[in-house]
Structures are given as C-alpha cells and as structure tokens.
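**Student:** next one to model:
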Amino acid sequence: MKSLYVLATIFLASCGDKNADNEDKGTTVPISKDVQKSPRKSSESNTQKTETKPSPTFEWINPNIFNSKCVACHNSQNKSAGVDLSSFESIANSTRFPKLIEPLLPDGSLIFRVVQAGSMPPGEQKLTENEMAALKKWIETGARKSESDPIPTPIPTPTEPPD
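**Tutor:** Coordinates of the predicted model:
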C-alpha cells in the first residue's frame, strides 16, 4: 500500500508545472480518491480491497499552506486587507464579504478565488498545483477543522453584502 501511495504522489507531483521554481517537492497532498489494491495472492481472499484517503482538513492546510505562504501578512497582529489566516476560528468567524471560506463552494470562497487568480500570495510564493488542489478539495469537502468535524450543510450565500 505504501508503495502505491508513493507512486501516486510521484505521479501527482509530475503533473505540475515543470518550470516552477517554487514547487514544493516534499509536500504530499491528502486528496480523497479511491485506490484499488491488487488482488491478494493468498487463498484467503480473491476480492479487491479499496482504501479511501482522507480529505484535507485545516489541520493539514494550516501548516502546509497558510503558515508557509500566508500568515506573514495575514495574521492576528497585521491582518493585511482585514484578513487573519492564523487560526481556523479567525477564518470561520470572519465578517468579510464575500466570505473567506464558503464551505463546499470553492468558487464562492474569497481565499480560493484570489489564489486561483494569482493575486495571492504576492511575489514568487504562489501555491503549487498540488497545494491549489488541496485547498480546493478542503473547501469542497466542507472546510473542516479536523476529520472528526461533521460536514456542513450548504447554506445559500447572498450575492450582495448585507446592509
């Protein structure tokens, strides 16, 4: 199983921009996918087993993306553009419009939109394709703090800021 995970990681890493100087080669991204093992050779079982990788949570996103590329400017003391990405609570409780994170809706989440557009992070610290995929998957799967948190119920977001 470990070798299959290593091969999948190498494959995902090879899909990125080969010319990107900021490629984070040491980071593996936990994106949910069903991975089938080869049938067992023993006579005990002739069926294939399927294992599901966990979806990324804030516990993975925070140290691997936010802390490494965002919180130098977007922290509790600085709050550049009024945004604090230093804790799950500061993101979830933000009163910014549009919302920083709209669970289940990456395109409705300000963080994902500015990162996808290339506006953030500034300079050469852009997110890699794998980091972008993990951020999108985190939001799509509910933007949960940890695996034990329930998946939120979708709530329609207004298209205009509140009065």
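
**Student:** ok, Ser90 - contacts?
**Tutor:** The contact partners of Ser90, taken as CB atoms under 8 Å, 6 or more residues apart in numbering, are 76, 84. To be clear about C-beta, it is placed using only N, CA and C from the backbone, and glycine gets the same treatment.

**Student:** I misspoke; the intended subject was Phe112.
**Tutor:** 106, 135-136, 139.

**Student:** for this structure, give me the ranges with low pLDDT.
**Tutor:** Counting by pLDDT under 70, the chain contains low-confidence ranges at 1-53, 155-159, 162-163.

**Student:** how close does Phe58 get to Glu102?
**Tutor:** Distance of Phe58 to Glu102, computed by CB to CB, to the nearest Å: 15 Å.

**Student:** ok, now Ser86?
**Tutor:** 20 Å.

**Student:** got it, and Ile65?
**Tutor:** Counting by CB to CB - Ile65 and Glu102 are separated by 17 Å.

**Student:** my guess is Arg96 meets Asp84, correct?
**Tutor:** No - between Arg96 and Asp84 there is no contact under CB atoms under 8 Å: 9.9 Å.
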